[in-house]
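# Sharing a sequence plus its predicted fold:
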Amino acid sequence: MDNPTVLVTGATGTVGSALVAALQERGATVRAMIRNPDRPVPGVENVVADLRDAESVATALKDVDGVFLNSPSEPDAAEVQKRFAGIARDLGVERFVLLSQYGARTDSPVRFLRWHAEVEEHVKGLGLDYTVLRPNLYLQSLLAFAGTIAQGFFAAPIGDAAVSAIDTRDIAESAAAVLTSAGHTGQTYTLTGPRAVTHHEIAQALSAASGREVVFHDVPAEQFTAALADFVPPWQLEGLVEDYAHYARGEAAELSTWVADLTGRPARDVTDFARDHAAVFAQA
Ligand SMILES: NC(=O)c1ccc[n+]([C@@H]2O[C@H](COP(=O)([O-])OP(=O)(O)OC[C@H]3O[C@@H](n4cnc5c(N)ncnc54)[C@H](OP(=O)(O)O)[C@@H]3O)[C@@H](O)[C@H]2O)c1
C-alpha cells in the first residue's frame, strides 16, 4: 500500500517512538496515539486516547489503513488489547500488527506470555489482516538498570543463561516494514538479536563501550525482589521474576533471521547497543 496512514499506539514508548520515525522513513503517514496532550510526538498527527477508553480508541482508529498495537504490561493488558482489536476490525482497519512476546503460550508459567498468547488467539479469530511480532528481551530494558550500571554493576536472577536479546530499534524497523509492505498476512514473526548473550557478556559489552568495568551479579529471585520492592508494584515484580526464570531455564536463546529478512540489514548486536548508549550508562 502506498503512503498508508498508520496509528501507532504506545507512541511515546520504547518501540513506538522508534516506529514513528521508521514509518516516516518508509513514506507512511503516522498518527501517534498518546495519553498526555502536553507531550505530543513531534512531526506527526497526534490523537489523545487511552486503551481503557473504548470511545477514544474508536476516534483514534477512524480512517487509518494500518495499526500497531503495543500495550503496557499491566494486569488488564489482554482485556484492553482484545477490545482494541475488535474495534479496529469493526472499523475496517486493513493491516493490524500486534506486538506480542517471544515464547507467548497460553499455558506458560510466565503471566506476560499467557496474556500475550490470549490476545494473539483473539486477534487470529477476528478475521483481520493481522501479523504478530514476538520480540525477545529488549536490550533497552537495561536502561532501567542504568543507575547501578553507572556504579559498575547490575544484578538479576538469570544465572549464566544466554538470551537472544533484541534492540528495540530493530523491532520498530521490522514493524515498519510489515506495515508498509505486502505478504505478511497471518504471519507470526519471532524477532531476536543476532546472537544469544549471557548477562556476563552484556556486562563485557557495557565495559568495552564505557571504558569502565561493569560486572554482572547473578542474584536469587528473593534478593532481586527485595531490591526493587520500593519501585515496582508487586504484580509486575512477580511477572518480572517469572520472566527471568524463563530466561534462566534457557528458553529464550533461539535465533531468528526475521529482522534481517524484513529490514534488509543485520540485527543490531549488544555491542552496537552498548556503544550507542554509553553516555546514558556513564551518567545515570
Ligand atoms: N521489555 C521487554 O523486554 C519486552 C520484551 C518483549 C515484549 N515486550 C512487550 O512490550 C510491551 C510494551 O512494554 P514496555 O514496558 O516496553 O512499554 P513501552 O512501550 O516502553 O511503554 C508503554 C507505552 O504504552 C503507553 N500506555 C500506557 N498505558 C496506556 C493506556 N492505558 N492507554 C494507551 N497507552 C498507554 C505509554 O504511554 P504514556 O507515555 O502515556 O505512559 C507508552 O507509550 C508489553 O506488551 C511487553 O510485554 C517487552
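Perfect, I can see it now.

# Near the ligand, which residues of the stretch 101-250 of the chain? Just list them.
For the stretch 101-250 of the chain, the residues in contact with the ligand under the definition CB under 6 Å from any ligand atom are 101, 112, 135, 137-138, 141. For the C-beta atoms, the positions are set from N, CA and C on the backbone; glycine is no exception.

# hey, where'd the helices end up in the stretch 101-250 of the chain?
Using DSSP state H, counting those that start in this stretch, the helices assigned to the stretch 101-250 of the chain run over residues 111-124, 146-149, 168-180, 199-210, 221-228, 234-248.

# The closest residue in space to R114 that isn't next to it in sequence: how many residues sit nearby?
Counting by CB to CB, 6 or more residues apart in numbering, S108 is the residue found nearest to R114 once chain neighbours are left out, at 5.2 Å. S108 has 18 neighbours, counted by other CB atoms under 10 Å.

# ok, the residue in the chain positioned nearest to the ligand - contacts?
Minimum separation of the chain from the ligand (CB to the nearest ligand atom) falls at G13, amounting to 2.5 Å. By CB atoms under 8 Å, 6 or more residues apart in numbering, the contact list for G13 reads 70, 72.

# can we see that at 10 Å?
Each residue near G13 by CB atoms under 10 Å, 6 or more residues apart in numbering is listed here: 19, 70-72, 99, 168.

# From those residues, which land in helices?
Of the contacts of G13, the ones assigned to helices by DSSP state H are 19, 168.

# A21 touches R169, doesn't it?
Yes: checked against CB atoms under 10 Å, the pair A21 and R169 is within contact range at 9.2 Å.

# Identify the residues contacting the residue lying closest to A229 once chain neighbours are set aside.
On the basis of CB to CB, 6+ apart, the spatially nearest residue to A229 that is not a chain neighbour turns out to be L237, at 6.8 Å. Residues in contact with L237, defined by CB under 10 Å, 6+ apart, are 221, 224-229, 231.

# the bottom helix or strand of the chain by mean pLDDT?
The weakest-scoring helix or strand in the chain, judged by mean pLDDT, DSSP states H and E, is helix 278-283 (a mean of 88).

# Sort out which residues of that one are buried, please.
Neighbour counts over helix 278-283 (16 or more other CB atoms under 10 Å) mark 278, 281 as buried.

# Which strands or helices does it pack on?
Using 3 or more CB pairs under 10 Å, 6 or more residues apart in numbering; DSSP states H and E as the contact criterion, the neighbours of helix 278-283 among helices and strands are helix 146-149, helix 199-210.

# Need the winner for burial among those helices.
Per-stretch averages of neighbours, counted by mean count of other CB atoms under 10 Å, single out helix 199-210 among the helices and strands packed on helix 278-283, with a mean of 20.

# between that one and helix 234-248, how many degrees?
Note on geometry: by axes from the mean of the first three to the mean of the last three CA atoms, to 10 degrees, helix 199-210 and helix 234-248 are set 100 degrees apart in direction.

# and helix 199-210, average pLDDT?
The average pLDDT for helix 199-210 rounds to 97.

# May I have that helix as CSV, with CA atoms only?
Below are the C-alpha coordinates for helix 199-210, written out as CSV (Å, rounded to 0.1, in the frame of the first residue of the first chain):
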residue,chain,number,x,y,z
HIS,A,199,24.4,-11.2,31.2
HIS,A,200,28.1,-11.5,31.8
GLU,A,201,28.7,-10.9,28.1
ILE,A,202,26.3,-7.9,28.2
ALA,A,203,28.4,-6.6,31.1
GLN,A,204,31.6,-7.1,29.0
ALA,A,205,29.9,-5.1,26.1
LEU,A,206,29.0,-2.3,28.5
SER,A,207,32.5,-2.2,29.9
ALA,A,208,34.1,-2.1,26.5
ALA,A,209,31.8,0.7,25.4
SER,A,210,32.2,2.8,28.5
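
# Dihedrals phi and psi, the residue lying closest to G43 once chain neighbours are set aside?
In space, G43 comes closest to Q24 once its chain neighbours are excluded; the distance is 7.3 Å by CB to CB, 6+ apart. Main-chain dihedrals, Q24, degrees, to the nearest 10: phi -60, psi -40.

# Give me the pLDDT for Q24.
Listed pLDDT for Q24 reads 98.

# Which residues are in contact with it?
Taking CB under 10 Å, 6+ apart as the definition of contact, the neighbours of Q24 are 6, 30, 43-44, 176.

# Next, format those as CSV and append pLDDT.
Converted to CSV, these look like this (pLDDT from 0 to 100):
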residue, pLDDT
V6, 98
V30, 98
G43, 96
V44, 98
A176, 98
